[in-house]
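In: prediction below, plus the sequence it came from.
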Amino acid sequence: MNSSGNVVVITGGASGIGEATAKRFAAAGWTVVIGDIDETRGRAVAAEIAAGGTRCDFHRLDVSSEEEVERFATTVSTDHGPVAALVNSGGVLQNAVRVTKMPIEEFDRILDINVRGTLLVGRAFATRMVEAGRGSIVNLCSLTTFHPWPQPAYGVSKAGVKMLTEIMAAELGPQGVRVNAVAPGYTLTPAMKARIDRGERDPSTVIARSALRRFVEPHEVAEAIYFLSSPLAGAITGATLPIDCGWLVYTSYSAAAAQPA
Ligand SMILES: NC(=O)c1ccc[n+]([C@@H]2O[C@H](COP(=O)([O-])OP(=O)(O)OC[C@H]3O[C@@H](n4cnc5c(N)ncnc54)[C@H](O)[C@@H]3O)[C@@H](O)[C@H]2O)c1
């Protein structure tokens, strides 16, 4: 499918799932706009995409800042008019910590980026999509959206993103705007690889608990995001799609299967 003329905005496009998604849309002929707090990597990714012959703009953006998000959305609208798709991949992970030991500043920081950021960017572009009468938004959830993990800030943030996705889907559907989420499993992004290297994630446990016995690759999440953003998913809104190599089903099934039949 060549979607020449369409514009996608991707927050967090400087790395990991966002970067893979930017490259997926560019490969299909979309103009890509990346907003990310990491200026060095963001400019490098935009240059790499542009070298392949597709327009890719980079803007430094902190998604948790209302002022920066409004300025970003205004600039993108001036440059490109209404965008057809938004992907909210800018976000931060968290390591295991008990609730009683959770530093409240860290809780606020993670909620600010993952939930407030998704709301601010979603609100800014949804307003413009409604005016255009069309558009698609894809948010980033997680396995922690569905199950309690010892990540009290991250888990709460990703459960919040699912609810925000559903509220926005209900509100914006009548005006032609679809809102969905993907829930990636353990995905081998730079953020995840760094945690494995530091011993903060155990790869053998992840593999043993996944039905497909492997990690997810960033390009596989990008493929699902691209599908949800495309007319092929024209009847899908309010959904949160796991892309987890079967971690959710296998983990809960194997816990029950450990009991006597
Ligand atoms: N990697 C995984 O296993 C996994 C699993 C489930 C969900 N996710 C989610 O996917 C999204 C992307 O994660 P990733 O693994 O690709 O991580 P990543 O660190 O590789 O990429 C995240 C990007 O977000 C940017 N970012 C961070 N704070 C920002 C801010 N305040 N404003 C703008 N940009 C900001 C970073 O600079 C980075 O480029 C996150 O929302 C994460 O929670 C990741």
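Out: Looks like it came in fine. Numbers count the residues shown, from 1 in each chain.

In: got the residues of the protein near the ligand?
Out: Among all residues of the chain, those adjacent to the ligand (criterion: Cβ under 6 Å from any ligand atom) are 11-12, 14-18, 36-38, 61-64, 89-93, 113, 117, 140, 142, 184, 186-187, 189-192. (C-beta placed from N, C-alpha, C; glycine too.)

In: among the residues you listed, which are in helices?
Out: The helices in this structure, assigned by DSSP state H, contain 16, 17, 18, 117, 190, 191, 192 from the residues of the chain next to the ligand.

In: do you know how far the second one is from residue 200?
Out: Residue 17 is 19 Å from residue 200, where distance means Cβ to Cβ, to the nearest Å.

In: who's more crowded, the two?
Out: Summary of the neighbour comparison: residue 17 and residue 200, criterion other Cβ atoms under 10 Å, with residue 17 having more neighbours (29 against 12).

In: state the distance from the more buried one to residue 78.
Out: Taken as Cβ to Cβ, the spacing of residue 17 relative to residue 78 amounts to 28 Å.

In: would you state the helices of the stretch 151-261 of the chain in chain order?
Out: Along the stretch 151-261 of the chain, the segments classed as helices by DSSP state H, counting those that start in this stretch run 152-172, 190-197, 203-208, 218-229, 247-257.

In: go through the ones in helices among the residues of the chain next to the ligand and name the one nearest residue 172.
Out: Taking Cβ to Cβ as the measure, residue 172 sits nearest to residue 117 out of these, at 18.3 Å.

In: my guess is the closest one contacts residue 92. True?
Out: No: using Cβ atoms under 8 Å as the test, residue 117 is too far from residue 92 to be in contact (9.5 Å).

In: those two - which one has more neighbours?
Out: The residue with the greater number of neighbours, taking residue 117 and residue 92 and applying other Cβ under 10 Å, is residue 117; the counts read 26 against 17.

In: quick check: chain neighbours aside, which residue is closest to the more buried one?
Out: With sequence-adjacent residues excluded and distances taken as Cβ to Cβ, 6 or more residues apart in numbering, residue 117 is closest to residue 63, at 3.1 Å.

In: show me what contacts that neighbour?
Out: By Cβ atoms under 8 Å, 6 or more residues apart in numbering, the contact list for residue 63 reads 11-12, 35, 37, 69, 88, 90, 113, 116-118, 120-121.

In: so how far is the ligand from residue 51?
Out: 19 Å (Cβ to the nearest ligand atom, to the nearest Å).

In: next up, phi/psi of that residue, please.
Out: Taking degrees, to the nearest 10, you get phi -60, psi -20 for the backbone angles of residue 51.

In: how near is it to residue 26?
Out: For residue 51, the distance to residue 26 (Cβ to Cβ) stands at 11 Å.

In: neighbour count for these two, which is higher?
Out: Neighbour totals were compared for residue 51 and residue 26, and residue 26 leads with 22 against 9 (other Cβ under 10 Å).

In: quick one: the more buried one and residue 54 touch, right?
Out: Yes: when contacts are counted by Cβ under 8 Å, residue 26 is listed as touching residue 54 (4.1 Å).

In: per-residue confidence at the closest residue in space to residue 37 that isn't next to it in sequence?
Out: Counting by Cβ to Cβ, 6+ apart, residue 37 lies nearest to residue 62, which is 5.2 Å off, once chain neighbours are set aside. Residue 62 is assigned a pLDDT of 98 by the prediction.

In: tell me the phi and psi of whichever residue of the stretch 51-200 of the chain sits closest to the ligand?
Out: With Cβ to the nearest ligand atom, the shortest gap between the stretch 51-200 of the chain and the ligand falls at residue 91, namely 2.4 Å. Phi and psi for residue 91, reported as degrees, to the nearest 10, are phi -170, psi 170.

In: how many residues are close by it?
Out: Residues contacting residue 91 under the criterion other Cβ under 10 Å number 25.

In: test my guess that it contacts residue 115.
Out: No: the pair residue 91 and residue 115 does not pass the contact test of Cβ under 8 Å, sitting 9.6 Å apart.

In: got any residues that touch both of those two?
Out: When contacts are counted by Cβ under 8 Å, 6+ apart, the set common to residue 91 and residue 115 consists of residue 157.
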